[in-house]
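Q: Need coordinates for the following:
(4 chains)
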There are 2 protein chains.
Amino acid sequence: MKQRSTRQRRLVLDAVRARCDHPSADQIYTDVRAVDDKISRGTVYRNLNVLEQTGEILHVKLPVTDRYEVRADRHDHLICSRCHTVCDVPIPYDGALDERVIEETGYLVFRHRLVFEGLCPDCRKKIDKADLHGE
Amino acid sequence: MKQRSTRQRRLVLDAVRARCDHPSADQIYTDVRAVDDKISRGTVYRNLNVLEQTGEILHVKLPVTDRYEVRADRHDHLICSRCHTVCDVPIPYDGALDERVIEETGYLVFRHRLVFEGLCPDCRKKIDKADLHGE
DNA sequence: TCCTTATTAGGACTTATTACTATTATTCTA
DNA sequence: TAGAATAATAGTAATAAGTCCTAATAAGGA
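A: Numbering: from 1, shown residues only, chains lettered A, B, ... in the order given. Predicted coordinates for the structure are as follows:
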């Protein structure tokens, strides 16, 4: 089952690369449709999975919905509870945590997913303003 | 909008308390239906949300689906990729991580969610056996 | 160029969850 | 303790995110 290079697959990869944020499958679908309005939803989902398998993109599973990004190395994420913007955390992935859990539990641990929840600087400002107005 | 104590709400809380694992909303729905086959899905979902708001139960958002449990303190989770069993990690919640991310990013961080992915001891055994048989 | 088969479009389907609406029942107050 | 106000309910429809299916298409090796 050797993989073929199709126009649709390239479009999906380009779409993920073109975004600097962490788009959802549906956002990628929308972007790709803007270039080719014949591409089907199933094709986009399947290719996102394929590209994840080959390591070309990263599949970030968030507490809410799945997101994708181009970075292939492991790292943690930060999501704003108000505007739902996602960003990477500038602290390295801590593999020692996985080792520690293996020792403590007897599980075989592949990896962990660490997501911080909070408010981004923009939303903090907006909420402070709203407070002044008695909301 | 003061909250009322209803039979259905108590049933939902009892159902979460009765389980030692991390049931999904649908599992709770099934359990509650076994006691009262008139309770509606919407009521179960709504009450799980209400009980989370009041702090009576904990809402654990996993990379896959949402789960609930009675423990009200923060802690991390471990999910088996094969049988999807969830368990608590016997390592304390690290609040210092949140502080560190606040300093590094300018976000206001409420909390983090840390989920380890791996294989539970049972599934490890089963997979080892399967290997011996050349699967 | 031709053949094999991976991949596709398009739609049906599934699963988890929320929204809607008329009805019921809890709790406050007289 | 009865009656009123309204929170909560059952039941169902609707939505969202993603998977599955099938006949048609096209990539890429011989």
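
Q: going forward, measure contacts between C-alpha atoms and count neighbours the same way
A: Fine.

Q: Which of the helices and strands in chain A ranks last by mean pLDDT?
A: strand A:66-69 (a mean of 62; mean pLDDT, DSSP states H and E).

Q: and the lengthiest strand in chain A, what other elements does it pack with?
A: Taking DSSP state E as the assignment, the strand of chain A that covers the most residues is strand A:108-119. Applying 3 or more CA pairs under 8 Å, 6 or more residues apart in numbering or on different chains; DSSP states H and E, one finds that strand A:108-119 makes contact with strand A:75-80, helix A:95-105, strand B:108-119.

Q: Near chain B, which residues of chain A are found?
A: Remark: the part of chain A in contact with chain B comprises A:61-64, A:89-91, A:98, A:101, A:104-121, A:124, using CA under 8 Å from any CA of the partner chain.

Q: again, only using 6 Å
A: Counting by CA under 6 Å from any CA of the partner chain, the positions of chain A adjacent to chain B are A:61-63, A:107-121.

Q: Now list the buried members of the residues you listed.
A: For the residues of chain A next to chain B, a burial check counting by 16 or more other CA atoms under 10 Å in any protein chain shown picks out A:61-63, A:107-109, A:111-120.

Q: from the chain's centre, how far out does the longest strand of chain A sit?
A: From the chain centre to the centre of strand A:108-119 is a distance of 12 Å (CA atoms, centre = their mean, to the nearest Å).

Q: neighbouring strands for that strand, and are they parallel or not?
A: strand A:75-80 (parallel), strand B:108-119 (antiparallel) (DSSP bridges).

Q: hmm, who's touching it?
A: Defining contact as CA atoms under 6 Å, 6 or more residues apart in numbering or on different chains, one finds that strand A:108-119 is touched by A:76-81, A:102, B:107-119.

Q: Then stretch A:78-87?
A: In contact with stretch A:78-87 (CA under 6 Å, 6+ apart) are residues A:77, A:115-120.

Q: quick check, nearest of those to A:R17?
A: Using CA to CA, A:H77 is the member of these that sits closest to A:R17, with 18.2 Å.

Q: Which residue ranges make up each domain of chain A?
A: Domain assignment for chain A by automatic domain parsing gives A:1-72, A:74-135.

Q: coming back round to it: within reach of DNA strand D, which of the contacts of strand A:108-119 are there?
A: Near DNA strand D, judged by CA under 7 Å from any atom of the strand, there are no entries from the contacts of strand A:108-119.

Q: Chain A against DNA strand D: which residues are in contact?
A: Counting by CA under 7 Å from any atom of the strand, chain A comes close to DNA strand D at A:3-7, A:24-26, A:41-42, A:45-46, A:65-66.

Q: Inside helices: which ones of these?
A: Judged by DSSP state H, those include A:7, A:25-26, A:41-42, A:45-46 as members of helices.
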